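> give me the fold of what follows.
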Amino acid sequence: MPRRPRVNLIGHPQHVVQRGHNREACFFADEDYLFYLHWLREGAKKYACEIHAYALMTNHVHLLLTPQREDAISTLMQSLNRRYAQYVNRIYRRSGSVWEGRFKASLIQAEEYLLTCYRYIELNPVRADMVRDPGEYRWSSYRWHGLGKSDELITDHPLYTALGSEEEECRSAYRALFRAHLDDEALDEIRTATSRGLPLGNDRFREQVESALGRRVGLLPRGRREAEPSNKVLPGQMGLDL
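Numbering: from 1, shown residues only. The predicted structure follows:
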């Protein structure tokens, strides 16, 4: 069966998931996370990707990216996966694949889903019972968004900065979004869209994507979902299976 073509548009955010081979661990020590983040930062600059959010789990990675050129995400992930796999095989005296294969990605309708995806990504360690609060997890972007700890990797999306007129007001509003967990339907929509490579948005957004690409992109089954915050901008395991 042929692989579904990727849905990719310059300037539109995407939720990217890369899993370890056979769902096995791909990070084993603090130095591994640090090297991965270093190469991710280098690659984002080189291949013109803005990184808005991330969570490095034990056996998979979540990234929220906006490409600034057509092949930005693919070239970034190919380079990053290759460099990190070479590092792991050299350091741990092993061979073979570190990663599952193709990364999964879903184009996101920012006005409807972006901040929900932020929360989905940064709450991964909480859902995996690794920490009780997302601020306790070292390897995610929440420590910047919610606590103001420096993170050179992050380029803030306008929808995040619109949460407040000043940085502390923005962080306070962002922390308030985490007082409740995501509901099951929001989780299911994000997971389904990412695993199938479908756009995450309403019918109008899908139609706009299909018009821009000149082909059908499929339809994500939709149910009730929680609303985004009203101040949006208008024009314990090893992190398994989350």
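> which residue of the chain sits farthest from its center?
R93 (29.8 Å; Cα atoms, centre = their mean).
> can you show me the strands along the chain?
Under the criterion DSSP state E, the chain contains strands at 14-19, 49-56, 60-67, 104-107.
> run through who's touching the shortest one.
Where contact means Cβ atoms under 8 Å, 6 or more residues apart in numbering, the residues beyond strand 104-107 that reach it are 6-9, 12-19, 73, 190, 193-195, 197-201, 209. C-beta here means a position set from N, CA and C on the backbone, and glycine is covered the same way.
> ok, now with 10 Å
Applying Cβ atoms under 10 Å, 6 or more residues apart in numbering, the contact partners of strand 104-107 are 6-9, 12-19, 60, 63, 65, 73-74, 77, 113, 117, 189-201, 205-206, 209, 213, 217, 220.
> show me which of those are buried.
6-9, 12-19, 60, 63, 65, 73-74, 77, 113, 117, 189-191, 193-194, 197-201, 205-206, 209, 217, 220 (16 or more other Cβ atoms under 10 Å).
> please tell me how far the residue minimising distance to the centre of the chain sits from R132.
Residue closest to the average C-alpha location in the chain (Cα atoms, centre = their mean): L63, at 2.7 Å. Using Cβ to Cβ, to the nearest Å, L63 is found at 24 Å from R132.
> now the protein, which segments are flagged as low pLDDT?
1-5, 218-242 (pLDDT under 70).
> now the helices for it?
30-47, 72-91, 110-122, 124-127, 142-145, 158-161, 167-176, 184-196, 203-213 (DSSP state H).
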